[in-house]
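build me a model:
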Amino acid sequence: MNIEEVFSNSKWDIIKDLSEKKFSPLQLAHKYNTTIGNVGHQLRLLEAYGLVKKEKIINRDKGKPRSLFSLAYDCGYIVSATSGFAEKKFLKLSDYHNTILKMWFIEDTRLHYYLEKFYWKIEEHLRDIKGIAVKVADSSSIEITILTNLKKDIMKKINPKMLIKNMESDEITFNIKFLNEDDLKRFDSIRECYIIYDPNEVLSCYKKSFKL
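Just a heads-up that it's a prediction; the model follows:
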């Protein structure tokens, strides 16, 4: 089996679910309306590639060990087909890779350049930032929410309004607001936001709570 097959069909469904939370083979079999044997086969293949990992927990109902699966690490499979450069690459993803790729998955490709420039402007402060969410206000402005436990300190370091230009001198205004975790309960607009930086999944978990 080559790497392309890992990211297709039923294996891809499993990878997507394990990116959300841990599952047992039985839970996945019920979810996909298939047999544990079939799910177990898919999981063994993914485990052989090192993409998922297994842990044993105690099943309180039966007193026997039970297996839970999760992603082994963040990874990506990138395909480029451009004039003079056609390549495919599998790689482990750092927080930097994760952030850039999340930007690239925003549908409006015009925004990618501006968001990347914004990232590099605040990159030196990321160790004090727990999450970044993006909301496109209109064609000329972007709303950025920065989650930090050092709200007062980070507000002194990052300008709440940034004007970012591209090489043709087109520009977008970045309007930035700062929240600490206690402010999250008033951050209902996260439902319309793209989360581009969230190493500990604080914003992702909060956003998912609206779907429950």
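
tell me the pLDDT of the residue nearest to residue 161 when sequence neighbours are not counted.
Leaving aside its sequence neighbours, residue 161 sits nearest to residue 175 (Cβ to Cβ, 6 or more residues apart in numbering; 5.9 Å). To be clear about C-beta, it is placed using only N, CA and C from the backbone, and glycine gets the same treatment. On pLDDT, residue 175 comes in at 97.

likewise residue 8?
pLDDT, residue 8: 78.

residue 20 versus that one, what's the distance?
As judged by Cβ to Cβ, to the nearest Å, residue 8 and residue 20 stand 19 Å apart.

contact partners for residue 102?
By Cβ atoms under 8 Å, 6 or more residues apart in numbering, the residues touching residue 102 are 194, 195, 196, 197.

follow-up on the earlier one: the more surrounded of residue 8 and residue 20?
More neighbours surround residue 20 than the other of residue 8 and residue 20, with 12 against 9 (other Cβ atoms under 10 Å).

which residues does the more buried one contact?
If a contact means Cβ under 8 Å, 6+ apart, then residue 20 has no contacts.

quick check: it vs residue 70, distance?
With distances taken as Cβ to Cβ, residue 20 is found 10 Å from residue 70.

residues in contact with the residue nearest to residue 187 when sequence neighbours are not counted?
Nearest residue to residue 187 in three dimensions, chain neighbours excluded: residue 179, at 6.1 Å (Cβ to Cβ, 6+ apart). Shown in contact with residue 179 (Cβ under 8 Å, 6+ apart): 145, 146, 147, 148, 151, 187.

all good on my end, thank you.
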